[in-house]
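Novice: With the input below, show me the fold.
(2 chains)
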Amino acid sequence: MADVVVGKEKCGEQRLVSLPLSRIRVIMKSSPEVSSINQEALVLTAKATELFVQYLATYSYRHGSGKEKKALTYSDLSDTAEESETFQFLADILPKKILASKYLKTLKEKREEEEEEENDNDDESDDDEAES
Amino acid sequence: MAERPEDLNLPNAVITRIIKEALPDGVSTSKEARSAISRAASVFVLCATSCANSFAMKGKCKTLNASDVLSAMQEVELQWFMTPLKEALEAYRREQKRQEGSCDFFGKRDSETATLIGQFDLSCLLTRIVRQLLIPSFPPHPPKK
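Specialist: As a prediction, the model looks like this:
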């Protein structure tokens, strides 16, 4: 709130961007090896972030399945993260949703495979001991 | 200074407004989608900063500047951001010059212009002085006898 109030009276930086510069600065400073940030770089990063939000929303809506219902949904965003090269860096934070039952089934299959491999390895080492 | 987790999030109201203005009229956005876009925006700031910082370090400069950010946008294949960003930068620089000029009425301008600028921005200047100097430590009026 304070940023918005200051923004109106600053008559400059904040009118160009809607996102609060103080918060953008906190996020930027949390990045390792960043020592200082020029005010112009801060304003440009904030503006770029706004453009990014607009781009992500419109791209996901246009390419997503929510278009028929006139709605933007999470799955539209996760599809975008998976399919578009530009947004691929978001794949880890926008994972696709799967049913819990399907996930548990995949986990069980994986464990069974690992157990089979271990059994095969044990059999081989038993054979080696028998020969010697 | 350790950041709290909420400090790395951008305000929901602003994100929601940006999304609403970008999408066609009548399109709704689920709460989950808005939250996801907000997280994505924070990650974008981190990526852009890291990339811009690489450019700054190549130039052996410790301070991130505007050209580093612009180069970072090209690096992450968002070239079409360049035009609106350059326009924003020009607008910001013009505004900075205007503000510097308007407060400089004791200095380099001729007396007539200085008077006009001084009158126009005097209230703005006085407001700034009051806020910066007086408000935090302003003592309450002593009680009237």
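
Novice: Specify the helix with the largest residue count in the chain.
Specialist: Picked chain A for this. Assignment by DSSP state H gives helix A:100-131 as the longest helix of chain A.

Novice: my bad, the chain I had in mind was chain B
Specialist: From DSSP H, the single longest helix across chain B is helix B:31-58.

Novice: so, in contact with chain A or not, that helix?
Specialist: Yes - if you take Cβ under 8 Å from any Cβ of the partner chain as the test, helix B:31-58 does meet chain A, through B:32-33, B:36-37, B:39-50, B:52-53, B:57. Using the backbone N, CA and C atoms, a C-beta is placed for each residue, glycine as well.

Novice: what packs against that helix?
Specialist: helix A:21-29, helix A:39-63, helix A:74-83, helix B:12-22, strand B:63-64, helix B:66-75 (3 or more Cβ pairs under 8 Å, 6 or more residues apart in numbering or on different chains; DSSP states H and E).

Novice: Packing partners of the longest helix of chain A?
Specialist: Packed next to helix A:100-131, using 3+ Cβ pairs under 8 Å, 6+ apart, is no helix or strand.

Novice: residue ranges with poor pLDDT in chain B?
Specialist: Along chain B, the parts satisfying pLDDT under 70 run over B:1-6, B:103-145.

Novice: List the buried residues in the longest helix of chain B.
Specialist: Across helix B:31-58, burial judged by 16 or more other Cβ atoms under 10 Å in any protein chain shown covers B:33-34, B:36-49, B:51-53, B:55-56.

Novice: for stretch A:55-73, what is the average pLDDT?
Specialist: Mean pLDDT, computed over stretch A:55-73, is 89.

Novice: which stretches of chain A have low pLDDT?
Specialist: A:1-15, A:129-132.

Novice: re the thing from before, what angle do the longest helix of chain B and helix A:74-83 make?
Specialist: Orientation check (axes from the mean of the first three to the mean of the last three Cα atoms, to 10 degrees): helix B:31-58 against helix A:74-83 gives 30 degrees.

Novice: List just the one of the helices and strands packed on helix B:31-58 that sits closest to residue A:118.
Specialist: Nearest to residue A:118 among the helices and strands packed on helix B:31-58 is helix A:74-83 (33.2 Å), distances taken as Cβ to Cβ.

Novice: Do stretch A:22-31 and chain B come into contact?
Specialist: Yes - using Cβ under 8 Å from any Cβ, we find that stretch A:22-31 touches chain B at A:23-24, A:26-28, A:30-31.

Novice: so what's the residue nearest to residue B:71 when sequence neighbours are not counted up against?
Specialist: Residue nearest to residue B:71 in three dimensions, not counting chain neighbours: residue B:55, with 4.6 Å by Cβ to Cβ, 6 or more residues apart in numbering or on different chains. Listed by Cβ atoms under 8 Å, 6 or more residues apart in numbering or on different chains, the contact partners of residue B:55 are B:67-68, B:71-72, B:75.

Novice: sorry, back to before: just the buried residues from the residues of stretch A:22-31 next to chain B, in ChimeraX please.
Specialist: In ChimeraX syntax, the buried subset of the residues of stretch A:22-31 next to chain B is picked out as below (16+ other Cβ under 10 Å):
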select /A:23,24,26,27,28,30,31
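
Novice: For the residues of stretch A:22-31 next to chain B, give me a markdown table that also has distance to residue A:78.
Specialist: Compiled in a markdown table, these are given as follows (distance: Cβ to Cβ, whole Å):
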| residue | distance to residue A:78 |
| --- | --- |
| A:23 | 25 |
| A:24 | 25 |
| A:26 | 27 |
| A:27 | 23 |
| A:28 | 26 |
| A:30 | 25 |
| A:31 | 25 |
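
Novice: For residue A:76, the count of nearby residues, please.
Specialist: As a burial measure, residue A:76 scores 24 neighbours (other Cβ atoms under 10 Å in any protein chain shown).

Novice: Residue A:123 too?
Specialist: 10.

Novice: cool, residue B:84 as well?
Specialist: 13.

Novice: roughly how far apart are it and chain A?
Specialist: Applying Cβ to the nearest Cβ, to the nearest Å, the value for residue B:84 to chain A is 6 Å.

Novice: Could you report the distance from that residue to residue B:99?
Specialist: 22 Å (Cβ to Cβ, to the nearest Å).

Novice: Then residue A:118?
Specialist: 71 Å.

Novice: go on, residue B:39?
Specialist: 35 Å.
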